[in-house]
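Asker: okay, predicted coordinates and the sequence, questions at the end:
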Number of protein chains: 2
Amino acid sequence: MIDIDSANMKALEGLFEAEPLLVGMGKAKDLIPGMEGKILLHSGPPIEYERMSGPLIGAVTGAALYEGWASSVEEARELLGSSGISFEPCHEHDAVGPMAGVISPNMPVFVIENKSSGNRAYATMNEGLGKVLRMGAFDDSVIAHLKWMEESLYPVLKSAISNRSNSGEPISLKNIIAQALHMGDELHNRNKAGTSLLFRALAATLVETCDSREKLSRVLKFMDSNDHFFLNLGMAAAKASLDPLGLIEGSSIVYIMARNGTDFGIKVAGLGNTWFTCPAAQPDVLLFPGFNKSDVNPDIGDSAIMETYGIGGFALAASPAIVQFVGGTPEDATRYTKEMYEICAAQNKSFTIPQLNFRGTPTGIDLLKVIETGITPILDTGAAHKDPGKGQVGAGIVRMPSEAFAAAAEAFADRYA
Amino acid sequence: MIDIDSANMKALEGLFEAEPLLVGMGKAKDLIPGMEGKILLHSGPPIEYERMSGPLIGAVTGAALYEGWASSVEEARELLGSSGISFEPCHEHDAVGPMAGVISPNMPVFVIENKSSGNRAYATMNEGLGKVLRMGAFDDSVIAHLKWMEESLYPVLKSAISNRSNSGEPISLKNIIAQALHMGDELHNRNKAGTSLLFRALAATLVETCDSREKLSRVLKFMDSNDHFFLNLGMAAAKASLDPLGLIEGSSIVYIMARNGTDFGIKVAGLGNTWFTCPAAQPDVLLFPGFNKSDVNPDIGDSAIMETYGIGGFALAASPAIVQFVGGTPEDATRYTKEMYEICAAQNKSFTIPQLNFRGTPTGIDLLKVIETGITPILDTGAAHKDPGKGQVGAGIVRMPSEAFAAAAEAFADRYA
């Protein structure tokens, strides 16, 4: 009979030893395994076009235009509805994406390598706020901005990141995350400190590797204008750190949680590569002015990997200032973190919460504890408009639905009884 | 009869309206009023050479060498002990300096202008950690580093800061401080967020104004290596904001607290330019390895201007991570902040503490409340070795001695009874 506790301990040891490093950049089609032909990756578990929610339809429409597969929205929609394009989850391709999470072949991606196990994860560059593809916007300004990112931002960042990596000094994302937790970030909806520390870490190398002062100035201004710039990197760090858990027989630790705007899905270490899904939850949102509750799309994004990694909503106690963005009070934030200890197998060894006297963040969601306690994970998240093209409507707290955990628990019992 | 409450309200209104901006840089001798001949400014109230403590003697020795007034330590000591050099407080020259706080004529200084009242304050660039003049070190490496700062760091920063100021976009230090308080700084002994935000704000302009990539890379690396870089700027922002209070008849608000390593001194709004002094306190220090309690010099530095401004030790509740540097627990940090509300006249309108549900920091030390409650201000501070040339020995919490407040209260009663 399998010893679940030992298996979980092994899983957590691997997780705590993970060392995600920023080692390079490249085009998705050149780096991401299986990124061939007309393929679009998206957040969450698998989904066919017909069941996609508005923001995901908006984002895949924009991606088709960005790739030049269509020259109008009508043409794009026709193509997307045909069998000419394959849709696959980022998570099935060693990648993660926030909100709609769409990655198309020509998008540049960061390469994060988990030094302790050698596996890699990929994520696009964060687009900033306002009208952005990840929130389902796809008008000309969105596509033009993506082109600027590909043609100007990407080469400048790539040179600096490669230089750091080639000189044996790749940036440690784990180190930045640990510091940022002591600077008021929870690293999902607040990345102001993480972005600042990354900016500081890269600036001198950017100066050394970019010979156009005009280009570099624009790149620095863009990064400075976007407090969420670190988010995608943090997500890929989490992904690279968690993926090796998918090979650990007998462990009840959840190593993927993700939403595609229609479905919520999880994967469990001891159940390998199988998705367990159910309808996505409806976020409880602090709305931007001009929007109503009925505008809010169901929960969407791979960013739940942050909570799976033991930060984000699980580290809300470290981020009292975030309640101005997601609602509630600092006391609520602390209460959420304390609740999450009840469903986690460990306290993080690298990520600590000063406010809780430097207690490690609740880490390693234990499927069996979720079932025992009836407590499901909470996330803090951005929220998109339910219609394509309308963008972000707010941010808030959302509790994961229990059905996916119940389905996984049944499979776990079947397999290990 | 004078209405003290109205006078205090007027003082605080001025303080809350203050808008300290980073507007330029220059040599001390060219900018600081009265900076003529062989003069050295120092922290705290006035003090003659014979009564100076070790770290201040070390710093003025280093400054004499830096200025070329002496070519050996012996020569410097002889000069310093003669009447050939005048020693005056930074605070008497619109300036502030951390620890020994020595400013000599050729040192570059930042210019901070309080936009709401037009007055200016000055501070040197922070030297970083390790062997530094402000901690009383004065060997060749210290002088060489000061020369590098003057010859390489200063011109690069000056160009960028002037450019921002001339284009009508000077950096708002108040804005950076307000943000940094939400990122775990208290802005006296923890300036990691403030430094990061300043770095972000200046980087693009640095690229635009510096034509040597090699020089700029070195400047950025230095700033990135020094989490205290923002301290001196924050101090000058506080000084520029508080100085106008010295003109407010009838107010019992303390607008200067400063220590020179021998004496502690305060000034009170309604008592104008008069120092009230007493022996400096002995800090309760978390020692660096290899040092003993008996190594610690009495309290030193103008950095108490931060607490006078309503941050630093008064905002410890916003900075739970700082206890790793100054000792104690996050609960202690919160307790200190709560205690300081008892001696302050107001809650800050711009600086808030997320951990206390966004309550404004305790601001405006009311001399009369100090006397009524018997509570004196607490600071968190760096601590220097009591011998010249040995540098920093730790950091910790220190409570200001009551005698200076008692003396000021007596004068206040005499004047306004």
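Answerer: On my side now, so go ahead. Predicted model, so just to flag it, every value in this text is computed and none were measured. Residues are numbered from 1 along each chain as shown, chains lettered A, B, ... in the order given.
Asker: what residues sit buried inside stretch A:276-294?
Answerer: A:Phe276, A:Thr277, A:Cys278, A:Ala280, A:Ala281, A:Pro283, A:Asp284, A:Val285, A:Leu286, A:Leu287, A:Phe291 (16 or more other CB atoms under 10 Å in any protein chain shown). C-beta coordinates here come from the backbone N, C-alpha and C atoms, glycine included.
Asker: ok, now which ones touch the fourth one?
Answerer: With contacts taken as CB atoms under 8 Å, 6 or more residues apart in numbering or on different chains, A:Ala280 has the following neighbours: A:Gly44, A:Arg259, A:Asn260, A:Gly261, A:Thr262, A:Asp263, A:Phe264, A:Pro298, A:Asp299, A:Ile300, A:Pro401.
Asker: what do you get for the fifth one?
Answerer: The contact partners of A:Ala281, taken as CB under 8 Å, 6+ apart, are A:Arg259, A:Phe264, A:Pro298, A:Asp299, A:Val398, A:Arg399, A:Met400, A:Pro401.
Asker: of these - the most surrounded one?
Answerer: A:Arg259 (31 neighbours; other CB atoms under 10 Å in any protein chain shown).
Asker: what helix or strand is A:Ala238 on?
Answerer: helix A:231-242 (DSSP states H and E).
Asker: next SSE downstream of that helix?
Answerer: Next along from helix A:231-242, by DSSP H and E: strand A:254-260.
Asker: average pLDDT across that following strand?
Answerer: Across strand A:254-260, the average pLDDT comes to 98.
Asker: next, the buried residues of that strand.
Answerer: So, applying 16+ other CB under 10 Å, buried residues of strand A:254-260: A:Val254, A:Tyr255, A:Ile256, A:Met257, A:Ala258, A:Arg259, A:Asn260.
Asker: for A:Lys147, state which of those residues is nearest.
Answerer: Taking CB to CB as the measure, A:Lys147 lies nearest A:Asn260 of these, at 25.8 Å.
Asker: residue contacts, that closest one?
Answerer: Counting by CB under 8 Å, 6+ apart, A:Asn260 touches A:His42, A:Ser43, A:Gly44, A:Pro45, A:Ile47, A:Met52, A:Ser53, A:Leu56, A:Pro89, A:Gly101, A:Ala280, A:Ile300.
Asker: now the two most distant members of these.
Answerer: Every pair of those checked by CB to CB; the farthest is A:Ser53 and A:Pro89, at 14.7 Å.
Asker: hmm, back to that, which of the contacts of A:Asn260 lies closest to B:Ser212?
Answerer: Among the contacts of A:Asn260, and counting by CB to CB, the member closest to B:Ser212 is A:Gly101, at 41.8 Å.
Asker: what's the burial count for that closest one?
Answerer: 31.
Asker: how about it, nearest residue that isn't a chain neighbour?
Answerer: Closest residue in space to A:Gly101, ignoring its immediate chain neighbours: A:Ser43 at 2.9 Å, by CB to CB, 6 or more residues apart in numbering or on different chains.
Asker: helix or strand with the lowest mean pLDDT in chain A?
Answerer: In chain A, no helix or strand scores lower on mean pLDDT, DSSP states H and E than helix A:323-326, which sits at a mean of 88.
Asker: other SSEs contacting the helix or strand that contains A:Ala121?
Answerer: According to DSSP H and E, A:Ala121 maps onto strand A:120-124. In terms of contacts (3 or more CB pairs under 8 Å, 6 or more residues apart in numbering or on different chains; DSSP states H and E), strand A:120-124 is packed against helix A:28-31, strand A:108-114, helix A:231-242.
Asker: if you set the cut-off to 7 Å instead, what comes out?
Answerer: When contacts are defined as 3 or more CB pairs under 7 Å, 6 or more residues apart in numbering or on different chains; DSSP states H and E, strand A:120-124 packs onto strand A:108-114, helix A:231-242.
Asker: return the most buried member of these.
Answerer: helix A:231-242 (a mean of 30; mean count of other CB atoms under 10 Å in any protein chain shown).
Asker: can I get that one in PDB? Just the C-alpha atoms.
Answerer: Extracted C-alpha coordinates of helix A:231-242, given in PDB (Å, rounded to 0.1, in the frame of the first residue of the first chain):
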ATOM      1  CA  LEU A 231       3.400  38.500 -13.100                       C
ATOM      2  CA  ASN A 232       4.100  36.300 -16.100                       C
ATOM      3  CA  LEU A 233       7.600  35.600 -14.900                       C
ATOM      4  CA  GLY A 234       6.300  34.600 -11.500                       C
ATOM      5  CA  MET A 235       3.800  32.300 -13.100                       C
ATOM      6  CA  ALA A 236       6.400  30.600 -15.200                       C
ATOM      7  CA  ALA A 237       8.600  30.200 -12.100                       C
ATOM      8  CA  ALA A 238       5.700  28.500 -10.400                       C
ATOM      9  CA  LYS A 239       5.000  26.300 -13.400                       C
ATOM     10  CA  ALA A 240       8.700  25.200 -13.700                       C
ATOM     11  CA  SER A 241       8.800  24.500 -10.000                       C
ATOM     12  CA  LEU A 242       5.500  22.500  -9.800                       C
END
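Asker: that helix versus strand A:254-260: what angle between them?
Answerer: 140 degrees (axes from the mean of the first three to the mean of the last three CA atoms, to 10 degrees).
Asker: looking at helix A:231-242 now, give me its mean pLDDT.
Answerer: pLDDT averaged over helix A:231-242 gives 98.
Asker: could I have the CA atoms of stretch A:186-200 written out in PDB?
Answerer: In PDB, the C-alpha atoms belonging to stretch A:186-200 read as follows (Å, rounded to 0.1, in the frame of the first residue of the first chain):
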ATOM      1  CA  GLU A 186       1.400  38.600  -3.000                       C
ATOM      2  CA  LEU A 187       2.600  38.100  -6.500                       C
ATOM      3  CA  HIS A 188      -0.700  37.500  -8.200                       C
ATOM      4  CA  ASN A 189      -2.600  40.800  -8.300                       C
ATOM      5  CA  ARG A 190       0.100  42.900  -6.700                       C
ATOM      6  CA  ASN A 191       3.500  42.600  -8.400                       C
ATOM      7  CA  LYS A 192       4.800  46.200  -7.800                       C
ATOM      8  CA  ALA A 193       7.800  45.000  -5.700                       C
ATOM      9  CA  GLY A 194       8.600  42.100  -7.900                       C
ATOM     10  CA  THR A 195       8.500  44.300 -11.000                       C
ATOM     11  CA  SER A 196      10.700  46.900  -9.200                       C
ATOM     12  CA  LEU A 197      13.300  44.300  -8.200                       C
ATOM     13  CA  LEU A 198      13.400  42.800 -11.700                       C
ATOM     14  CA  PHE A 199      13.800  46.200 -13.100                       C
ATOM     15  CA  ARG A 200      16.700  47.000 -10.800                       C
END
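Asker: quick one: end-to-end distance for stretch A:115-135.
Answerer: For stretch A:115-135, the separation between the terminal residues is 32 Å (CA to CA, to the nearest Å).
Asker: could I get the contacts of A:Ala281 as JSON lines with secondary structure?
Answerer: As requested, the contacts of A:Ala281 are arranged in JSON lines below (DSSP: H, G, I helix; E, B strand; the rest coil):
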{"residue": "A:Arg259", "secondary structure": "strand"}
{"residue": "A:Phe264", "secondary structure": "strand"}
{"residue": "A:Pro298", "secondary structure": "coil"}
{"residue": "A:Asp299", "secondary structure": "coil"}
{"residue": "A:Val398", "secondary structure": "strand"}
{"residue": "A:Arg399", "secondary structure": "strand"}
{"residue": "A:Met400", "secondary structure": "coil"}
{"residue": "A:Pro401", "secondary structure": "coil"}
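Asker: no further queries at this time; thank you.
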